[in-house]
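In: sequence plus predicted model, see below.
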Amino acid sequence: MRPGICCLLTVWVASVCCVTRASGDEPPNIVIIFIDDLGYADIGSFGKNDFATPSLDRMADEGRRFTDFVTATAVCSASRAALLTGCYHRRVSIAGALGPNAKHGLSSDEVTIAELCKQKGYATACFGKWHLGHHKPFLPLQHGFDEYYGLPYSNDMWPLHPEYVDLPEGAAKRKQGYPDLPLIEGNEIVDAEVTGEDQAQLTVDYTRRAVDFINRHHDQPFFLYVPHTMVHVPLFVSDQFAGKSGCGLFGDVMMEVDWSVGEILDAIRANGIDEKTLVVFTSDNGPWLSYGDHAGSALPLREGKGTMFEGGYRVPTLMWWPGKITAGTSCDELASTIDLLPTVARLIDVPLPDHKIDGKEILELMAGIEGAVSPHEAFYCYYRGGELQAVRDRRWKLHFPHQYRTMEGQPMGGGGRPGRYRQEQIGPELFDLKNDIGETTNVADQYPDVIAYLQRHAEIARTELGDKLTDRQGSEIRPHGKLEDQGD
């Protein structure tokens, strides 16, 4: 780090410390709002929509947009494990989307953001979709959270999806393979058979609990994690927003999500804690494109959820902290959800976990320090079925040969039913992301040195995390938690 940048960063961090000392030696509050399957273009400050997102637009006006902010992968459970542990999901052995039959979850040996915050006496809560193991040993209360309320996994993992869209009210038809969808509070199931009517209230319920948590803990440091069930299909919305957007159910649901963000920010302002509260708004991955009008948009990015093109893992991200993050600014440097854990650790002055993590502190990028660049020399993009599919840095992205799903040329789904993906092949292909965000032009023939450079980083990834394509096992993969090891 250059001396000038170091001095500026020290001043910025010192100003944070000054504020916290003035308010009783309390470190800053942390709020993470994590939307499910939100596309890059699905909020006003990142795209042009027919529906309004005024709360998020205001958050962008008062905060900072991150336009090259990525998840560690493009699917639910793996993405959430990466966010909370600061690790590539491959390192902590959480892959794909854990279903109702899963007998494993996030290991108790991993350290979450909530557990770091508990070291400083934080109150902690999770209201929303967990998806890191639905058995008691893996639920949030066993991973550093004081309170939990929400669905243990995705809302489509229930008997009525997607048949629900064709069923008469009250019908009891069942889809093979899924038990009834439970709602959990703490460690206990409080509703064993979630209905469509129940799902329509989830965004409201999560929001009310989040606001109540802020009101109860405004005079002590807190970490609030709100991983919304929406906008994952099947889509549901409360009566307050049904039909409000004028452009279909997806627009209605997005307006309700925007309302939720506004309620949380208003509660922070009303309690006078806005200048000591960092709020991060982001998504677990891109849109589930096969659902057509029930999915969002990743444009101008290529593809969506389930692929390691930019539309799958680059997500719209806002950070808000009045007085600390300069209003109305934007950052186009590479940063990731895995960077939140080490950044929080620095802000609240706690040591990082003893084991290896992959995230990097991004305070310079948050502060808008002139000349600040991404702390990632390389980023290992997406393991699917144990395959390393791509590696990138701040500018370049190299896809290795792999199969991917696409809706290009396919009839889109509609009304809650999906279209059918077709399979395509890519690689090796090189893209210049600074000049070709849509990954449209393969420039591999022009930059052999760049390919060699990224291949060297890929070898590091394969050595540590393995790669099925090259028959590598990986020497630094930690096990997930197993139910049989828990005595439960």
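Out: Here it is on my side, so go on.
In: not counting sequence-adjacent ones, nearest residue to Gly105?
Out: Take Gly105 and drop its neighbours on the chain: the residue closest to it by CB to CB, 6 or more residues apart in numbering is Gly133, 1.7 Å away. C-betas here are computed from N, CA, C, even on glycine.
In: let me see the contact set for the one you found.
Out: Gly133 is in contact with Leu98, Ala102, His104, Gly105, Leu106, Leu139, Pro152, Gly481, counting by CB atoms under 8 Å, 6 or more residues apart in numbering.
In: try it again with 7 Å
Out: Applying CB atoms under 7 Å, 6 or more residues apart in numbering to Gly133 gives the contacts Leu98, Ala102, His104, Gly105, Leu106, Gly481.
In: cool, and Ala97?
Out: Residues near Ala97 by CB under 7 Å, 6+ apart: Val75, Cys76, Ser77, His131, Ser154.
In: at 10 Å instead, please
Out: Applying CB atoms under 10 Å, 6 or more residues apart in numbering, we find Ala97 in contact with Val75, Cys76, Ser77, Ala78, Ser79, Arg80, His131, Tyr153, Ser154, Asp156, Met157, Gly306.
In: likewise Ser374?
Out: Ser374 touches 68, 331-336, 339, 360, 362, 364-365, 393-395, counting by CB under 10 Å, 6+ apart.
In: just name the shakiest helix or strand of the protein by mean pLDDT.
Out: Of all helical and strand segments in the chain, the minimum by mean pLDDT, DSSP states H and E falls on helix 3-22, at a mean of 43.
In: could you measure from the nearest residue to Val204 once chain neighbours are set aside over to Ile273?
Out: Of all residues beyond its chain neighbours, the one nearest Val204 is Ser238 (5.2 Å), with distances taken as CB to CB, 6+ apart. Look at Ser238 and Ile273: by CB to CB, to the nearest Å, they are 27 Å apart.
In: can you check Arg384 too?
Out: The spacing between Arg384 and Ile273, counted by CB to CB, is 41 Å.
In: could you find the closest non-adjacent residue to the most centrally placed residue in the chain?
Out: Central residue of the chain (CA atoms, centre = their mean): Asp284, 2.8 Å from the mean position. Leaving aside its sequence neighbours, Asp284 sits nearest to Ser79 (CB to CB, 6+ apart; 4.2 Å).
In: what does Leu224 give?
Out: Val31 (4.6 Å).
In: same question, Gly251
Out: Ser245 (3.1 Å).
In: helix or strand right after the helix or strand where Leu341 lies?
Out: If you go by DSSP states H and E, Leu341 is part of helix 340-348. Following helix 340-348 in sequence order, the next helix or strand is helix 363-367 (DSSP H and E).
In: who are the packing partners of the helix or strand just after that following helix?
Out: Proceeding N to C from helix 363-367, the next assigned helix or strand is strand 379-384, under DSSP H and E. When contacts are defined as 3 or more CB pairs under 10 Å, 6 or more residues apart in numbering; DSSP states H and E, strand 379-384 sits against strand 69-70, helix 76-85, helix 310-313, strand 387-392, strand 396-399, strand 402-406, helix 448-465.
In: can you list the weak-confidence ranges in the stretch 151-300 of the chain?
Out: Counting by pLDDT under 70, the stretch 151-300 of the chain has low-confidence residues at 168-176.
In: hmm, 90 instead?
Out: When residues are selected by pLDDT under 90, those of the stretch 151-300 of the chain lie in 159-178.
In: next one: the stretch 1-150 of the chain
Out: Applying pLDDT under 90 to the stretch 1-150 of the chain flags residues 1-26, 47-50.
In: so the residue nearest to the centre of the chain touches Leu84, yeah?
Out: No: Asp284 lies out of contact with Leu84 (CB atoms under 10 Å); the separation is 11.3 Å.
In: okay, and the common contacts of these two?
Out: Phe34, Pro227, Thr337.
In: might you report the residue contacts of the second one?
Out: Applying CB under 10 Å, 6+ apart, one finds that Pro227 lies in contact with 32-36, 76, 80, 83-84, 126-131, 140, 150-151, 206, 284.
In: same thing but at 7 Å, please
Out: Residues counted as contacts of Pro227 (CB under 7 Å, 6+ apart) are Phe34, Arg80, Cys126, Gly128, Lys129.
In: same question for Leu340.
Out: By CB under 7 Å, 6+ apart, the contact list for Leu340 reads Ile32, Leu83, Ile113, Val280, Gly359.
In: tell me how far it lies from Met407.
Out: For Leu340 relative to Met407 (CB to CB), the value is 31 Å.
In: same check, this time on Val31
Out: To Met407, Val31 is 34 Å away according to CB to CB.
In: repeat for Phe145
Out: Distance, Phe145 to Met407, by CB to CB: 37 Å.
In: more neighbours: those two, which one.
Out: Higher neighbour count among Phe145 and Met407: Phe145, with 25 against 20, using other CB atoms under 10 Å.
In: quick check: that one vs Gly466, distance?
Out: Noted for Phe145: a distance of 31 Å to Gly466, by CB to CB.
In: do the same with Ala372
Out: In terms of CB to CB, Ala372 sits 33 Å off from Gly466.
In: what does Gly296 give?
Out: Per CB to CB, Gly296 is found 33 Å from Gly466.
In: which residue of those two possesses the greater neighbour count?
Out: Applying other CB under 10 Å to Gly296 and Gly466 shows that Gly296 carries more neighbours, namely 29 against 21.
In: number of nearby residues for the closest residue to the more buried one other than its chain neighbours?
Out: In this structure, Gly296 finds its nearest non-sequential neighbour in Gly39, 3.3 Å apart by CB to CB, 6+ apart. Counted by other CB under 10 Å, the residues lying close to Gly39 total 30.
In: does Gly39 fall in a helix, a strand, or a coil region?
Out: Here Gly39 is recorded as coil under DSSP: H, G, I helix; E, B strand; the rest coil.
In: thought it was touching Ala298?
Out: Yes: contact criterion CB atoms under 7 Å: Gly39 and Ala298 qualify, at 4.5 Å.
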